[in-house]
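Colleague: Sequence plus predicted model, see below.
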Amino acid sequence: MRNIFSGYCCSLCGTCYGPDEIQYTCPKDGGNLDVLLDTSAINKKYRIEDITSRTDFSLWRYAPLLPVDDPGGEGTPLRTAGWTPVYSPKELANKLGLQNLWIKDEGRNPTASFKDRASAVVVARARQIFADVVVTASTGNAGAALAGMAAAIGQKAVIFAPKSAPPAKIAQLLIYGAKVILVDGNYDQAFDLTVQAANEFGWYCRNTGYNPFTAEGKKTAAFEIWEQILLNSDAAETPLSIFVSVGDGNIISGIHKGFKDLASLGWLEKMPRIFGIQSEASAAVANAFAAGTEQITPVRATTIADSISVDLPRDGVRAVRAATQTGGAYLTVKDEEILRAIPELGRVGIFAEPAGATAYAGLLKALRDGKISAEDPVVVLNTGNGLKDVRAAMQAAGEAVIIEPTMPALKKLLQVNSI
């Protein structure tokens with residue numbers, strides 16, 4: 001057990017527990033648990049330079065700030081999760097009237113989504129506690145991430161997914177060798193069944209917004225933004241504004257946790273503003289934010305962005321706080337806006353799945369509504385690669401033109417459509 005891991009604290013009632021007292025959620029009220037780190041011990045051993053000088057360009061460069069033992073797996077995809085590229089497309093920034101715009105492309109992770117971060121850390125935790133099987137519910141990305149990270153080190157994995165999940169995502173699960181069980185229901189029903197199965201069979205449950213170590217993996221994106229942008233930018237006179245799509249709420253709460261950890265270490269000068277973006281067709285967290293409450297009321301989610309299509313966000317309270325405690329906000333966008341955002345990102349070389357494009361659609365709305373000005377430095381998180389949902393990509397892009405293989409046919413086409 002890493003000595004920096006000092007226990008848990010319930011995000012609702014504030015009750016704290018020792019590292020071995022509890023595993024998933026608070027037994028008093030079901031609240032999500034925050035992992036507590038011994039920041040004093042970290043500060044005694046490490047300085048900022050000790051982290052930024054490390055030569056491991058993955059999320060494991062932040063191992064001194066993670067509450068798990070090194071899982072091994074050298075030379076496998078488990079060791080390449082994280083440290084995703086940050087792009088600064090000037091053409092797009094100029095088009096939007098922004099002085100500083102970065103897009104962090106999580107589609108470059110080993111299984112092509114942000115969820116590799118959580119799965120890598122959960123697999124490390126599973127190895128640490130000698131778990132035989134790790135199980136999760138997923139609309140595709142979390143399951144693919146778990147299946148891929150588990151396969152890298154020979155960990156058994158079971159995935160429950162709605163039968164409506166995109167075929168490309170189901171294919172990933174099967175190729176990685178996980179035991180895949182499709183549920184004739186939605187994500188929330190798959191989630192509940194997963195928890196029941198974990199309790200019945202003694203499996204280690206990775207479920208997002210249930211297992212506290214998922215946020216510990218996701219917080220590493222905040223560490224990277226801090227290192228890749230905040231420590232290397234002269235543009236941070238005003239706080240950095242981060243746009244991220246929200247489904248169950250664990251990515252945005254994990255990012256918030258990462259910045260809070262940095263602040264508690266004294267390594268963060270200014271807390272970024274965090275903006276959560278939801279589809280109007282799956283807006284439970286945004287609804288709570290708009291009502292000025294932390295009470296999450298379930299919705300009937302129908303958005304095309306399957307990765308953020310959630311009736312009852314399991315990490316909704318902390319997701320609301322990620323915006324309220326940082327001076328950010330929640331915005332909702334229509335599915336049509338999400339689809340239009342996919343090719344806009346594509347034109348600067350970034351292929352986003354609908355959930356990833358949702359964050360960019362949210363930035364466009366924030367600009368229209370005056371929530372973001374030209375002077376605000378902005379980061380947009382693309383949470384997954386567009387190949388995850390080719391059906392949606394084709395809907396956004398339209399069909400390719402077909403011609404006869406002759407020059408006259410080509411010239412006729414070019415008369416109508418210039419290149």
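Modeller: Perfect, thanks for sending it.

Colleague: Counting by contacts, list what the one helix or strand Lys104 maps to packs against.
Modeller: Here Lys104, judged by DSSP states H and E, is contained in strand 101-105. Applying 3 or more CB pairs under 8 Å, 6 or more residues apart in numbering; DSSP states H and E, one finds that strand 101-105 contacts strand 86-87, helix 90-96, helix 220-228, strand 378-382. For every residue, glycine as well, the C-beta is placed using N, CA and C.

Colleague: partners of that strand in the sheet?
Modeller: strand 86-87 (antiparallel), strand 378-382 (parallel) (DSSP bridges).

Colleague: Turn those strands into TSV, columns for distance to Ala319.
Modeller: Below are the strands paired with strand 101-105 laid out as TSV (distance: least, CB to CB, whole Å):
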stretch	distance to Ala319
strand 86-87	23
strand 378-382	14
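
Colleague: show me the residues around Phe289 that make contact.
Modeller: Gly276, Val320, Ala323, Thr324, Ala329, Tyr330 (CB atoms under 8 Å, 6 or more residues apart in numbering).

Colleague: so where do the strands sit in this structure?
Modeller: Along the chain, the segments classed as strands by DSSP state E run 5-10, 16-17, 33-37, 86-87, 101-105, 133-137, 156-162, 179-183, 204-205, 241-245, 273-279, 329-333, 378-382.

Colleague: Next, the angle from the last one to strand 273-279.
Modeller: Strand 378-382 and strand 273-279 meet at an angle of 40 degrees, taking axes from the mean of the first three to the mean of the last three CA atoms, to 10 degrees as the criterion.

Colleague: how many degrees apart are strand 378-382 and strand 241-245 in direction?
Modeller: Using the same axes, to 10 degrees: strand 378-382 against strand 241-245 is 20 degrees.

Colleague: now strand 378-382: mean pLDDT?
Modeller: Strand 378-382 carries an average pLDDT of 98.

Colleague: just the first one next, same as before
Modeller: Strand 5-10 shows an average pLDDT of 96 in the prediction.

Colleague: so where's the protein uncertain?
Modeller: Applying pLDDT under 70 to the chain flags the ranges 1-2, 234-236.

Colleague: from what I can see Glu106 touches Leu381, true?
Modeller: Yes - the criterion here is CB atoms under 8 Å, and Glu106 meets it with Leu381 at 6.4 Å.

Colleague: Among the two, which residue is more densely surrounded?
Modeller: For Glu106 versus Leu381, neighbours defined as other CB atoms under 10 Å are more numerous around Leu381 (28 against 25).

Colleague: Need the nearest residue in space to that one, chain neighbours excluded.
Modeller: Nearest non-adjacent residue to Leu381, counting by CB to CB, 6 or more residues apart in numbering: Val244, 4.6 Å away.

Colleague: just Leu363 next, same as before
Modeller: Leu363 sits nearest to Phe243 (CB to CB, 6+ apart), 4.9 Å away.

Colleague: Tell me the spacing between that neighbour and Val320.
Modeller: Counting by CB to CB, to the nearest Å, the gap from Phe243 to Val320 is 16 Å.

Colleague: I'd like to know how far Ile229 sits from Lys218.
Modeller: Distance of Ile229 to Lys218, computed by CB to CB: 17 Å.

Colleague: Can you show me the helices along the stretch 151-300 of the chain?
Modeller: For the stretch 151-300 of the chain, the helices defined by DSSP state H, counting those that start in this stretch occupy 167-175, 187-201, 213-218, 220-228, 250-264, 284-291.

Colleague: Let me know the angle separating the second one from strand 156-162.
Modeller: For the pair helix 187-201 and strand 156-162, the angle between their directions (the same axes, to 10 degrees) equals 150 degrees.

Colleague: before we move on, what about the fifth one?
Modeller: Following the same axes, to 10 degrees, one obtains 120 degrees for the angle between helix 250-264 and strand 156-162.

Colleague: For helix 250-264, which helices and strands make contact with it?
Modeller: Packed against helix 250-264 by the contact rule (3+ CB pairs under 8 Å, 6+ apart) you find strand 33-37, helix 116-128, helix 213-218, helix 220-228, strand 241-245, strand 273-279, helix 316-324.

Colleague: could you dump the ones you listed to a markdown table with mean neighbour count and distance to Ala396?
Modeller: Shown next, in a markdown table, are the helices and strands packed on helix 250-264 (neighbours: other CB atoms under 10 Å; distance: least, CB to CB, whole Å):
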| stretch | mean neighbour count | distance to Ala396 |
| --- | --- | --- |
| strand 33-37 | 21 | 37 |
| helix 116-128 | 28 | 24 |
| helix 213-218 | 28 | 26 |
| helix 220-228 | 23 | 25 |
| strand 241-245 | 29 | 16 |
| strand 273-279 | 28 | 14 |
| helix 316-324 | 24 | 26 |
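
Colleague: Alright, calling it a day.
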